[in-house]
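In: With the sequence up front, the predicted model follows.
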Amino acid sequence: MAYAIKKPGRTVADQSYVVEAVKGLGVTFKRFFQNTIGPAENRKTATIRYPEESRDYPERFRGVHRLTHRADGSPRCVACLCCSTACPAQCIYIEPAEYEADDPRHGYERYPRVFVIDELRCIFCGFCVEACPCDAIRMDTGTHVPASWKREHFIFDKETLMSIPGKDGTYVTANPRHEPGDPTHPGLDREKAH
Ligand code: SF4
Ligand code: SF4
């Protein structure tokens with residue numbers, strides 16, 4: 001047997017929606033004036049006036065890349081290609097080269113003649129930093145890639161990457177391995193190798 005469903009009683013004001021619309025607009029305008037021309041201490045905004053203001057990034061924030069230096073200012077990178085191999089976005093391009101014949105690193109390790117990162121293509125996963133055996137690439141800059149209208153401004157070459165300091169202002173990192181020429185270094189012929 002069918003039942004007749006009783007409709008809820010609504011006033012003309014309810015059915016016109018005008019009163020509720022005016023109430024909603026009242027809240028909107030109250031917040032608008034409170035957060036624009038009202039005293040600063042009464043403002044309740046979830047947003048900030050970026051870029052004039054910015055929030056603190058977390059300690060482990062992965063920012064724009066930098067290539068670290070040796071004490072003599074040369075790149076710590078040995079152009080092993082581990083980072084470009086690990087990069088899932090394939091946005092790292094490296095051309096390795098040999099050091100000069102009179103350099104103790106000649107014949108032992110290489111340097112990046114060209115080192116380019118397409119920061120627009122990067123997904124900031126940090127795999128390149130994890131893959132590097134020399135602590136030569138870091139994302140501890142504490143800042144992100146600057147905005148730009150041009151795509152080419154996001155192609156960071158070796159000089160650009162080496163010009164960016166860490167958030168502590170330093171460029172040089174300690175080599176977790178032996179440097180060629182160190183007394184503890186096994187040398188090219190491995191005579192001192194264990
Ligand atoms: S952070 Fe990830 S995507 Fe970006 S360059 Fe490194 S490995 Fe590639
Ligand atoms: S940055 Fe590190 S992983 Fe990448 S090529 Fe240089 S030494 Fe190898």
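Out: Noted; the coordinates are in hand. Ligands and ions are numbered 1, 2, ... in the order given.
In: From here on, just use CA atoms for contacts and neighbour counts.
Out: OK.
In: tell me the contacts of H69?
Out: Applying CA atoms under 8 Å, 6 or more residues apart in numbering, one finds that H69 lies in contact with P75, R76, A136, M162, Y171, V172, T173.
In: Which residues does it form beta bridges with?
Out: H69 has these beta-bridge partners by DSSP bridges: P75, V172.
In: circling back to that earlier point, now flag whichever of the contacts of H69 is closest to C87.
Out: Within those, proximity to C87 (CA to CA) peaks at A136, which comes in at 15.1 Å.
In: if we can go back for a sec, could you identify the pair within the contacts of H69 that is furthest apart?
Out: Greatest spacing in the contacts of H69, by CA to CA: M162 and T173 (12.1 Å).
In: Identify the contacts common to those two.
Out: Common neighbours of M162 and T173 are listed as T68, H69 (criterion: CA under 8 Å, 6+ apart).
In: Am I right that K44 is in contact with N35?
Out: Yes. Contact criterion CA atoms under 8 Å: K44 and N35 qualify, at 6.4 Å.
In: Look at the two and report which has more neighbours.
Out: A direct count of neighbours by other CA atoms under 10 Å for K44 and N35 places N35 higher, at 16 against 11.
In: Who are the contact partners of that one?
Out: N42, R43, K44, T45.
In: again, 7 Å this time
Out: N35 makes contact with R43, K44, T45, according to CA atoms under 7 Å, 6 or more residues apart in numbering.
In: Let me know the closest of those to D14.
Out: The shortest approach to D14 among these belongs to K44, at 30.5 Å (CA to CA).
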